[in-house]
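Peer 1: Quick one: sequence and predicted model below, then my questions.
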Amino acid sequence: MTLASAVLAACSTAATSTASPSQTLKSSSPAGTVWLCRPGLAGDPCTGNLDLTIVPAHGARTVVRAPERQTSPFDCFYVYGTIGGQQTPNTNLAIEPGDVDLAVTQAQRFSQVCNVWAPIYRQRTMAVQNLGRAAAAAADNVAYASLLAGWTDYLRHDNHGRPVILIGHSQGAAVLIRLLAAQVDRDPSLRARLVLAILAGGNVTVPPGKTVGGSFRNIPLCTAQAQTGCVIAYSSFPSEPPLNATFGRPGQGVSLFAGQYATTGVQVACVNPAAIGGGTADLTPYFIDPRAGFPDPTSGALPADPQTAPWVAYPRLYSASCRSADGATWLQVTDIAAHGDTRPVVTEVRGPGWGYHPDDINLTLGNLITDVTHAEAAYTAAHH
């Protein structure tokens, strides 16, 4: 039995959503930013029912009720990946069903540890892919300028000095690399408010064996749990990425979204969300039950009850470790299920060059929430 999650970021296919029409969600700021998610927004897809069904390999399922959400002193700024669908080089600022789906599946659970903000931005569409590098670079510049406008609006009118966790996946991670490099890395005051940057599937680069350099001059990769002001970056694969891989190899694929063309002198970064200090550890994957409103291209018969708990967790199903070989660096995700385990597993739905990219966030979501929790505690201790 296989599971392809609804997290189809950068897969050129928008998920089918049962969310409310965009008109009921749209909220424009006086500066013109359209917010997909923001505190107090009616129908905010970044908040919702976080009840969870824990599905072990054998034995009874356990439903864990989410605690009542409390106001957090921390903000999360989330940037979604490529949705697809529109035929212009860049999307407009309309909220699409796929945007909502990604906000739910990737960002919603972070609402238990931060206030989630997510602007709609004019991302590059798949329509540009056959128009050449110049057209793609122009579309990337439009996407970055659009995100920068939303970030600037947020800082000027909404942040009020709060510490921030930045979260991006795929194109969202790539455009955040540009934003971090240009706006945060060079500004000591903003770096001081950076709790953590989670940049999955975006090809952050560093010189071989280094934690800083490459994408950022001053912001390092995380090397210990509870470290702050650092980056968690990775791309998940079941084995070494092929030579033409879109992720895990520098200077190609998603690297081009951020204008990172170097193929020598740098390597793609990998920080294991389950073992930031290194080594192998179990992943804590969280997925939305497809019956809660998201498509399942297989049987759809997941062992959970979406009426009581729309999220499912699969303990002891995967382990992960960072690997490097032949110019590639990746998060090696290994199926550790025992014989007879019938729980659904992810597959390379887009082929070996993409690995487990659509599931980068959900495979590690429980670990990432824990990482943010520890970083926030360390930040609080250091600033009080």
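Peer 2: That came through fine.
Peer 1: any residues touching whichever helix in the chain runs longest, and which ones?
Peer 2: Ordering each helix of the chain by length in residues (DSSP state H) puts helix 133-154 first. Helix 133-154 is contacted from outside by 29, 31-33, 77, 79, 89-90, 93, 117, 119-125, 128-129, 171, 175-176, 178-179, 182-183, 256-259, using Cβ atoms under 8 Å, 6 or more residues apart in numbering. To be clear about C-beta, it is placed using only N, CA and C from the backbone, and glycine gets the same treatment.
Peer 1: tell me which residues in that helix are buried?
Peer 2: 136, 138-140, 142-144, 146-151, 153-154 (16 or more other Cβ atoms under 10 Å).
Peer 1: Return the member of these nearest to Asp51.
Peer 2: Tyr154 (29.6 Å; Cβ to Cβ).
Peer 1: Quick check, pLDDT for the closest one.
Peer 2: Listed pLDDT for Tyr154 reads 98.
Peer 1: Just want to check the distance between it and Val79.
Peer 2: 12 Å (Cβ to Cβ, to the nearest Å).
Peer 1: Find the residues that touch each one of the two.
Peer 2: In contact with both Tyr154 and Val79: Pro119, using Cβ under 8 Å, 6+ apart.
Peer 1: returning to what we had before: next one: the longest helix of the chain to chain centre, how far?
Peer 2: 18 Å (Cα atoms, centre = their mean, to the nearest Å).
Peer 1: What is the neighbour count of Asp75?
Peer 2: 23 (other Cβ atoms under 10 Å).
Peer 1: Wait, it touches Asn115, no?
Peer 2: Yes. Taking contacts as Cβ atoms under 8 Å, Asp75 lies within contact range of Asn115: 5.0 Å.
Peer 1: so what sits against both of these two?
Peer 2: Arg162.
Peer 1: ok, back up a step: ok, of the contacts of helix 133-154, which come out buried?
Peer 2: For these, buried by 16+ other Cβ under 10 Å: 29, 33, 77, 79, 89-90, 93, 117, 119-125, 128, 171, 175-176, 178-179, 256-258.
Peer 1: Keep only those of those that are in helices.
Peer 2: Those of the buried ones among the contacts of helix 133-154 lying in helices (DSSP H): 171, 175-176, 178-179.
Peer 1: Mind putting those residues into JSON lines with pLDDT and distance to Ala274?
Peer 2: Output for these, formatted as JSON lines (pLDDT from 0 to 100; distance: Cβ to Cβ, whole Å):
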{"residue": "Gln171", "pLDDT": "96", "distance to Ala274": "25"}
{"residue": "Val175", "pLDDT": "97", "distance to Ala274": "26"}
{"residue": "Leu176", "pLDDT": "98", "distance to Ala274": "22"}
{"residue": "Arg178", "pLDDT": "97", "distance to Ala274": "28"}
{"residue": "Leu179", "pLDDT": "98", "distance to Ala274": "27"}
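Peer 1: How about Val184, nearest residue that isn't a chain neighbour?
Peer 2: Excluding its sequence neighbours, the residue lying closest to Val184 (Cβ to Cβ, 6 or more residues apart in numbering) is Leu190, at 4.6 Å.
Peer 1: isn't the one you found right next to Ala182, touching?
Peer 2: No. If you go by Cβ under 8 Å, Leu190 and Ala182 don't touch, sitting 10.9 Å apart.
Peer 1: Going by distance to Pro220, which of the ones in helices among the buried ones among the contacts of helix 133-154 wins?
Peer 2: Nearest member of these to Pro220, counting by Cβ to Cβ, is Leu176, at 16.1 Å.
Peer 1: how about Arg193, what does it touch?
Peer 2: With Cβ under 8 Å, 6+ apart, Arg193 has these contacts: 161-164.
Peer 1: And these, which is closest to Leu41?
Peer 2: Arg162 (17.2 Å).
Peer 1: so that closest one touches Pro73, yeah?
Peer 2: Yes. With contacts counted by Cβ under 8 Å, Arg162 reaches Pro73, the gap being 6.3 Å.
Peer 1: how about the strands in the stretch 251-384 of the chain?
Peer 2: 267-268, 281-282, 286-288, 311-313, 318-325, 328-335 (DSSP state E, counting those that start in this stretch).
Peer 1: need those in TSV with mean neighbour count, can you?
Peer 2: Putting those into TSV (neighbours: other Cβ atoms under 10 Å) gives the following:
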stretch	mean neighbour count
strand 267-268	26
strand 281-282	16
strand 286-288	25
strand 311-313	24
strand 318-325	18
strand 328-335	22
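Peer 1: Quick one: closest of those strands to Pro238.
Peer 2: The nearest among those, by Cβ to Cβ, is strand 328-335 at 6.0 Å.
Peer 1: Work out the sheet partners of the closest one and label each with its direction, please.
Peer 2: Partners of strand 328-335 in the sheet, by DSSP bridges, are strand 236-237 (parallel), strand 318-325 (antiparallel).
Peer 1: how about the residue nearest to the spatial centre of the chain, phi and psi?
Peer 2: With distances taken as Cα atoms, centre = their mean, the chain has His169 as the residue nearest its mean C-alpha position (3.6 Å). Main-chain torsions, His169, degrees, to the nearest 10: phi -130, psi 140.
Peer 1: now it: how far from Ala31?
Peer 2: For His169 relative to Ala31 (Cβ to Cβ), the value is 25 Å.
Peer 1: Equivalent analysis for Pro45, please.
Peer 2: Taking Cβ to Cβ, one finds Pro45 at 22 Å from Ala31.
Peer 1: and what of Thr264?
Peer 2: For Thr264 relative to Ala31 (Cβ to Cβ), the value is 41 Å.
Peer 1: what does Ala269 give?
Peer 2: With Cβ to Cβ as the criterion, Ala269 and Ala31 are 33 Å apart.
Peer 1: Over to Pro250?
Peer 2: From Pro250 over to Ala31 (counting by Cβ to Cβ), the distance is 36 Å.
Peer 1: This protein: helices as residue ranges?
Peer 2: With DSSP H as the criterion, the chain has helices spanning 22-25, 97-102, 133-154, 171-179, 188-193, 360-363, 365-382.
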